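**Student:** Sequence first, then the predicted structure:
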Amino acid sequence: MTTQSEAYATKNGEPGSNFSDAFQSKHEFHGDFPASKISELMKLESLESATSQSLFSTVNRILEERIEKKDGSIPQRVASVVKLVVQEIEQRVSKQAENMRKQRNLYKSREDRYQLKIRAIETLATGTIEENEIVMKQLQQIKIEKALIEKKMKLEENDLDRLRKEKDHYESQISSLKQELELAKTTYEENQLQLETHAKETKIQLEKRITELECFLADSRNKVKELEDFSESKFLRWKRKEHRYVHFINSQFGSLQELRLASESLKEEVLKTKEIYVDEVHHFGLNLKELVDAAQNYHTVLEENRKLYNEVQDLKGNIRVYCRIRPFLPGQSEKHTTIQYIGDNGELVVINPSKQGKDSHRLFKFNKVFGPAATQEEVFRDTQPLIRSVLDGYNVCIFAYGQTGSGKTYTMTGPSVTSVEDWGVNYRALNDLFNISQSRKSSIAYEIGVQMVEIYNEQVRDLLSNDSSQKRLGIWNTSQPNGIAVPDAIMHPVKTTTDVLDLMSIGLMNRAVGATALNERSSRSHSVLTVHVRGMDLETNAVLRGCLHLVDLAGSERVERSESTGDRLREAQHINKSLSALGDVISALAQKSSHVPYRNSKLTQVLQGSLGSQAKALMFIQLNPDVESFSETISTLKFAERASGVELGAARSNKEGRGVRELMEQMAFLKDVVMKKDEEIGRLRSFKTNGNAERRDTNFSSYRSASPRMHSIEAPHPSRTDLDNSSEYSDKHCEAGSQQSIDSLRHHEEFFQQPRLEIVGSSKSFTEDVRSGPSLTNGGKTCNLDVGLLNFGDTDSEERLSDMSDGIFTTGTETDSSISNRVEHTLFPETAKQASEIVEKRNVPVKLPRPYQIVQVRPRIALSMGERSSKVSSSKRATFGSSSAVKLPKQ
Ligand SMILES: Nc1ncnc2c1ncn2[C@@H]1O[C@H](COP(=O)(O)OP(=O)(O)OP(=O)(O)O)[C@@H](O)[C@H]1O
């Protein structure tokens, strides 16, 4: 049993010490408490171990002692009260202890029960943990599900939002639809009202119509009745008719039988007639065949006639005239044409659209007319024989005449070089010459050279020279008796068509072109392509030379039509001037006039050899079919008509056999001798005249008057007043001319590869050459003095030119050969070499035949032919030399 102090001590955690402290402080408070009692009390090992009873008994004994002793420290009563209290407390404590014991037991039982419960709970708890885990898992799952549900809820919320919005939208739509519905409803009601009214109206109308129809039906019924009556009567009539027809057919059948019999007899007759007819047709066929043959013969005869006509013209030396009509260009197809008829026989009818009746038509006749559809090949086919004759030693000139844009360049050159089909006469001609020369190479060795110049504003320019100083050539050297070669222009040997194509494209690029109102790219100059051919017969050594001029003239239109101004106007004026000079020459030739004004333009000077000598000439007349060009067309055709009447004299081939060549070599030698003599005479004369000026003048003038023929190679031609007024002209110009001549010669000598002979003049010119007096020597080079000109003061220059022209005109083959010699020397140096060798070998003059020529021995400087010369065969290259190469312009 625990006491109150124990409980107290247990309650405070330090029962022993606290109780002792309390007891001690109490004792101290009661200082009179005997120490023995305390020690007695203190005998108790500890308060903790002391029972509450012992403690109370201790207190009771103390109190009893106090009471017994009657100690005054504690009043008796107090002690008895305390004792009572202590006893009361003791009782209470014991009760309490009892209670506590009971409680303790109760607690114990409770504890047991709790223990059992705990154990049960523990077992439950273990079960619960597992359950918990499951629950946790379920919780987790529930959480996940919750999250999902939340998500779903969110989504649903979103959906809800969306639905709400949609709902709003639909609501607004519904409201608008409601409005529309309202509107529709009102309209419907209105319409309904209208329809109702309309229906009412229609009903009324229909009712009216029904009544009308009923009336009509009644009428119709009446009519049907009438018709039925009518058809019945008609049926009866038809019935009657049928009877009649049957009767008629029967009668017809009878007659048919009769006819059949008759036809059979007729058939027999027809068969008989047919036989007769077949016989007759056969007979007729035979007759027809004869007629067809005759007609064919007629065409052949016609063709032959044409050929014969051409041959006769060739024999007469007529200028052949081919007319070519340009097609309308793209974009011009709507235009009216002036060409009404193109005949096979070279007939051409042009029509003037502004005139009516007979005057509106004009007939022209030429050697050939090519229509707009004619191809380049067809045109060339008719030109080919003429071109081929160049290889047989003839001189041929082909030129194209016509207004700007009429197709001259198209015919002569072609629209493009790249396509062979487009090639014009120029390329085809050279190609043909190469082909034929190849096919003849076993018997004749041909060499071909080309020059190309243009006449622009009355100046001659070398189109194949890249040297600008040489491009513009000096005055056209008409002292060349036949004027065929272009002495100042560089001669380019050509071996293949490619060479020609290269050269010509360079030439075409250098050509002066410009735009006029009539042609976008108009040729503002006359271009002359000269082809020199020299062939040597490998058996007989006979040499033939041919020369072909291919001339693309500038446009012939009137100045005002080309709407030119400034430079273009000047060009047009020059072109017109030269073309009218050509017209004058042609007129003079056509009229067989004694004076032919070749010198009036550079163009006529260039063509002099081909128009004046016995060369073959062909003129292409180009026409623009456009109505606007009618007047130009007529003037072109008139020009062509005049040209076709020109007789140049029968063409002759420039062939020379060995004999002729030897004679020429002899002539060359003799010319040399004569020249030396002339030089001596000249020296003597100058020696004489040194002391006597007057005599000198007289002597010189005798020379001047002697020759209208010879000109300085390069000296500018003096004006007539110059000639009249300046007595010193001869000297000055002789010097100036000789200097120029020397310069020109230097250039000219490019054609010559070594010192050799040059043969100038012709049979007729010889006499004039002799009259012309001596050639001047200058620095070892020779030039012919223009002495002829010096004495022209009183003579009509035209006449002089005419004389000269005539001289050239009639010289014929020899005239041509002289220039050909010049060309030959240029192109074919070995001939010259042979000649010079012969001259060196022979020193005995040989008696000359009648047509002899002056020979000048000229030390020629060998000049390179430039890049072109590299294409010449090695055997010839050696003789060409290599100094001061003249380069060709690069394309
Ligand atoms: N026969 C033709 N077939 C097709 N086109 C042609 C024919 N003739 C000429 N042409 C075309 O007509 C135009 C003018 O031709 P081209 O330049 O040859 O005339 P042109 O007489 O030489 O003119 P210009 O005197 O101004 O030099 C060119 O476009 C040319 O292609």
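**Tutor:** Thanks, I have the structure now. Model, not experiment: these values are computed from the prediction.
**Student:** C-alpha from now on. contacts and neighbour counts both.
**Tutor:** Will do.
**Student:** that's a helix at Asp161, yeah?
**Tutor:** Yes. Per DSSP: H, G, I helix; E, B strand; the rest coil, Asp161 lies within a helix segment.
**Student:** The residue lying closest to Leu430 once chain neighbours are set aside - how many residues pack around it?
**Tutor:** The spatial neighbour of Leu430 that comes closest, neighbours along the chain excluded (Cα to Cα, 6 or more residues apart in numbering), is Thr497 at 6.8 Å. Neighbour count of Thr497, defined by other Cα atoms under 10 Å: 18.
**Student:** so who does Thr497 touch?
**Tutor:** Neighbour list for Thr497: Tyr427, Leu430, Asn431, Phe434 [criterion: Cα atoms under 8 Å, 6 or more residues apart in numbering].
**Student:** Is any residue of the helix or strand where the last one lies near the ligand?
**Tutor:** It refers to Phe434. Phe434 is part of helix 425-439, with elements assigned from DSSP states H and E. No. Judged by Cα under 6 Å from any ligand atom, helix 425-439 and the ligand are separated, with a smallest distance of 12.1 Å.
**Student:** what helices or strands is that helix leaning on?
**Tutor:** The helices and strands touching helix 425-439, judged by 3 or more Cα pairs under 8 Å, 6 or more residues apart in numbering; DSSP states H and E, are helix 376-388, helix 408-412, strand 444-456, helix 497-510.
**Student:** if we can go back for a sec, now the contacts of Thr497 in CSV, with pLDDT and neighbour count?
**Tutor:** Formatted as CSV, the contacts of Thr497 follow (pLDDT from 0 to 100; neighbours: other Cα atoms under 10 Å):
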residue, pLDDT, neighbour count
Tyr427, 90, 21
Leu430, 89, 23
Asn431, 89, 17
Phe434, 89, 20
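**Student:** Pick out the most distant pair among these.
**Tutor:** Tyr427 and Phe434 (10.6 Å; Cα to Cα).
**Student:** where in the stretch 401-550 of the chain is pLDDT low?
**Tutor:** 467-488, 512-523 (pLDDT under 70).
**Student:** what sits opposite Val349 in the beta ladder?
**Tutor:** With DSSP bridges applied, Val349 shows beta-bridge pairing to Tyr341, Leu363.
**Student:** Pull the contacting residues for Asp626.
**Tutor:** Phe328, Lys335, His336, Thr337, Thr338.
**Student:** I'd like to know how far the first one sits from Gln140.
**Tutor:** Which is Phe328. Distance, Phe328 to Gln140, by Cα to Cα, to the nearest Å: 100 Å.
**Student:** Which of those two has more residues huddled nearby?
**Tutor:** Between Phe328 and Gln140, counting by other Cα under 10 Å, Phe328 is the more crowded of the two (17 against 13).
**Student:** isn't the more buried one right next to Val627, touching?
**Tutor:** No. Under the criterion of Cα atoms under 8 Å, Phe328 is not in contact with Val627, lying 11.0 Å apart.
**Student:** how about whichever residue of the stretch 601-750 of the chain sits closest to the ligand, secondary structure?
**Tutor:** Distances between the stretch 601-750 of the chain and the ligand by Cα to the nearest ligand atom are smallest at Gln622, namely 7.0 Å. Following three-state DSSP, we place Gln622 in the strand state.
**Student:** quick one, domains of the chain?
**Tutor:** 4-74, 138-316, 317-644, 657-860 (automatic domain parsing).
**Student:** In a helix, Gln555, correct?
**Tutor:** No, residue 555 isn't Gln; it's Gly. No. Using three-state DSSP, the assignment for Gly555 is coil, not a helix.
**Student:** switch to numbering from 61
**Tutor:** Got it, first residue is 61 now, which makes that one Gly615.
**Student:** shouldn't it be in contact with Gly467?
**Tutor:** No. Using Cα under 8 Å, Gly615 is not in contact with Gly467; the gap is 9.7 Å.
**Student:** Quick one: name the residues of this structure near the ligand.
**Tutor:** 386-387, 432, 463-470, 475, 579, 582-583, 614-615.
**Student:** Pairing partners for the closest residue to Val439 other than its chain neighbours in the sheet, please.
**Tutor:** In this structure, Val439 finds its nearest non-sequential neighbour in Phe430, 7.2 Å apart by Cα to Cα, 6+ apart. Beta-bridge pairing for Phe430 (DSSP bridges): Arg384.
**Student:** Give the burial count for Phe430, as a bare number.
**Tutor:** 22.
**Student:** ditto for the one 4 residues further on
**Tutor:** Using other Cα under 10 Å, the number of residues around Ala434 comes to 14.
**Student:** Let's verify it: helix, strand, or coil?
**Tutor:** Ala434 ends up coil, using three-state DSSP.
**Student:** Could you tell me the backbone phi and psi angles at it?
**Tutor:** phi -60, psi 140 (degrees, to the nearest 10).
**Student:** now swap in Ile411 and tell me
**Tutor:** phi -120, psi 140.
**Student:** would a markdown table of the helices and strands packed on helix 485-499 with distance to Glu324 be doable?
**Tutor:** Formatted as a markdown table, the helices and strands packed on helix 485-499 follow (distance: least, Cα to Cα, whole Å):
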| stretch | distance to Glu324 |
| --- | --- |
| helix 436-448 | 63 |
| helix 468-472 | 72 |
| strand 504-516 | 83 |
| helix 557-570 | 81 |
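**Student:** ok so, going back, most neighbours among the contacts of Asp686, please name it.
**Tutor:** That'd be Thr398 among the contacts of Asp686, by other Cα under 10 Å, with 22 neighbours.
**Student:** I am finished for the moment; much appreciated.
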